[in-house]
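Undergrad: Turn this into a model:
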Amino acid sequence: MVSPSAGGSQRSRPVQWLLLEGDRLAITGLVVAAVFLLTYALIRWGLLAIGPSSSLPTMLGSGGLSGLLTLLTVTLSINQLTLSRVFGSPGSLRDRLEGTVEFRETVEDLAGVDAGTNDPGEFLALVAETLVAEAEALADALPAEGNAAGDVEEFAVAVADYAEGLSGVAGSESTVDVLATLLGPAYADNLTVARGLQRKYDEELPPSVDDDLDAVVTLLEAVAIARQFFKTIAVQQDLARLSRRLIYSGLVAVLAVVYLTMAYTSSSVTLPSAYLPWVVTVVITLLFLPLAEIISTLLRVATVTMYSVSVGPFVPPEER
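TA: Numbers count the residues shown, from 1 in each chain. This next block holds a predicted model:
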């Protein structure tokens with residue numbers, strides 16, 4: 001039997017930071033800085049015309065403003081998507097609460113604690129510690145000989161290694177950091193192997209081993225549920241932040257575009273020529289600021305969604 005790996009393929013750290021772990025404001029700042037430097041360089045090299053006879057006023061006054069105003073629609077759509085997950089009837093909200101409480105009680109019973117923590121990282125660490133304990137109990141309860149003992153012991157070691165990798169999220173200050181630990185097909189691979197062992201050695205394993213194996217399966221299922229729940233929280237938080245930032249940056253960008261457009265007359269510009277390249281560069285950068293915020297946020301939302309689609313033993317190739 002081939003044991004499942006403890007995790008999926010690893011990307012390089014810069015790519016991992018860009019797509020998932022990096023602060024979205026920092027990534028937005030990098031995009032904006034790149035736009036600023038490129039725009040200023042093109043103006044200084046004479047590749048972009050910004051004088052009175054250029055098409056810049058028309059571009060800013062029509063295309064720039066219309067593009068920015070569409071952000072109102074984008075912001076409203078994001079708010080609608082976020083609020084659709086928050087609102088609900090009393091009955092549906094009660095069902096969701098009862099389901100969450102039942103899920104927590106299952107984990108707490110296996111962990112032997114009265115009440116688990118509300119912190120996502122600490123709760124996942126509790127699941128991981130309990131999974132390690134159950135895997136060790138499973139290995140200790142195995143008979144001394146037999147094919148079942150060898151296969152189940154190999155599985156118990158793989159599960160313990162996987163759970164050790166999850167326990168490091170304790171104390172994490174970001175839901176995304178917790179979620180990043182759960183991405184990959186390892187939980188599904190372990191679930192598949194566990195169910196295969198239960199079916200293959202149903203008659204050979206003693207009741208105590210069956211009980212420990214059932215506990216491991218329950219905890220792996222808890223990991224799958226926690227992954228989807230934390231994904232929902234992380235995506236909602238990112239979309240809510242994006243909506244708020246678009247309001248701020250959109251207002252600033254619209255004002256900057258309007259003011260610069262009004263600085264151009266039919267034959268001249270009211271701004272001193274020495275300052276014009278800097279002003280135009282800043283305004284164009286502000287024009288791209290909302291787009292940079294959308295890019296930085298949706299990069300992470302799309303990455304999280306793509307690599308946490310599955311719930312259970314079916315894992316699409318892309319998620320691996």
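Undergrad: SS state for the residue located most distally from the centre of the chain?
TA: Centroid-distance maximum for the chain: residue 267 at 51.0 Å, with Cα atoms, centre = their mean. Under the three-state scheme (DSSP: H, G, I helix; E, B strand; the rest coil), residue 267 adopts coil.
Undergrad: what about the closest residue to it other than its chain neighbours, helix or strand, and which?
TA: Once flanking residues are discounted, residue 267 sits nearest to residue 52: 5.8 Å by Cβ to Cβ, 6 or more residues apart in numbering. All C-beta atoms are positioned from the backbone trio N, CA, C, and that covers glycine. Of the helices and strands defined by DSSP states H and E, none includes residue 52.
Undergrad: just checking, residue 269 touches residue 275?
TA: No. Applying Cβ atoms under 8 Å as the test, residue 269 and residue 275 come out as separate, 10.0 Å apart.
Undergrad: Of these two, give the one with the bigger neighbour count.
TA: Neighbour count, other Cβ atoms under 10 Å: between residue 269 and residue 275, residue 269 has more, with 20 against 10.
Undergrad: quick one: that one from residue 53, how far?
TA: Note on residue 269: its distance to residue 53, by Cβ to Cβ, to the nearest Å, is 10 Å.
Undergrad: quick one on the thing from earlier: wait, the residue nearest to residue 267 touches residue 270, no?
TA: No. Look at residue 52 against residue 270 with Cβ under 8 Å: they stay out of range, at 10.1 Å.
Undergrad: Select the longest helix from the protein.
TA: helix 207-262 (DSSP state H).
Undergrad: Does that one pack against any helices or strands, and if so which?
TA: With contacts defined as 3 or more Cβ pairs under 8 Å, 6 or more residues apart in numbering; DSSP states H and E, the packing partners of helix 207-262 are helix 24-44, helix 65-86, helix 90-111, helix 120-140, helix 147-166, helix 175-182, helix 186-200, helix 276-306.
Undergrad: same thing but 6 Å
TA: Helix 207-262 is packed against helix 65-86, helix 90-111, helix 120-140, helix 175-182, helix 186-200, helix 276-306, with contacts defined by 3 or more Cβ pairs under 6 Å, 6 or more residues apart in numbering; DSSP states H and E.
Undergrad: Just the C-alpha atoms of the second one, please, in CSV.
TA: What follows is helix 90-111, C-alpha atoms only, in CSV (Å, rounded to 0.1, in the frame of the first residue of the first chain):
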residue,chain,number,x,y,z
PRO,A,90,-34.2,32.9,11.5
GLY,A,91,-34.8,29.3,10.6
SER,A,92,-31.8,29.0,8.2
LEU,A,93,-29.6,30.9,10.6
ARG,A,94,-30.6,28.6,13.4
ASP,A,95,-29.8,25.6,11.2
ARG,A,96,-26.4,26.9,10.4
LEU,A,97,-25.7,27.6,14.0
GLU,A,98,-26.8,24.2,15.1
GLY,A,99,-24.7,22.6,12.4
THR,A,100,-21.7,24.5,13.6
VAL,A,101,-22.3,23.6,17.2
GLU,A,102,-22.7,20.0,16.4
PHE,A,103,-19.5,20.0,14.4
ARG,A,104,-17.6,21.6,17.3
GLU,A,105,-19.0,19.1,19.8
THR,A,106,-17.9,16.2,17.7
VAL,A,107,-14.3,17.5,17.7
GLU,A,108,-14.5,18.4,21.4
ASP,A,109,-15.7,14.9,22.4
LEU,A,110,-12.9,13.3,20.5
ALA,A,111,-10.4,15.7,22.0
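Undergrad: now that helix and helix 65-86, what's the angle there?
TA: 70 degrees (axes from the mean of the first three to the mean of the last three Cα atoms, to 10 degrees).
Undergrad: likewise the last one?
TA: Angle of helix 276-306 versus helix 65-86, following the same axes, to 10 degrees, is 30 degrees.
Undergrad: by contact count, what packs against helix 276-306?
TA: helix 24-44, helix 207-262.
Undergrad: tell me the mean pLDDT for the last one?
TA: When pLDDT is averaged over helix 207-262, the result is 88.
Undergrad: ok, now the shortest one?
TA: When the per-residue pLDDT values of helix 24-44 are averaged, the result is 95.
Undergrad: Right, I'll leave it there.
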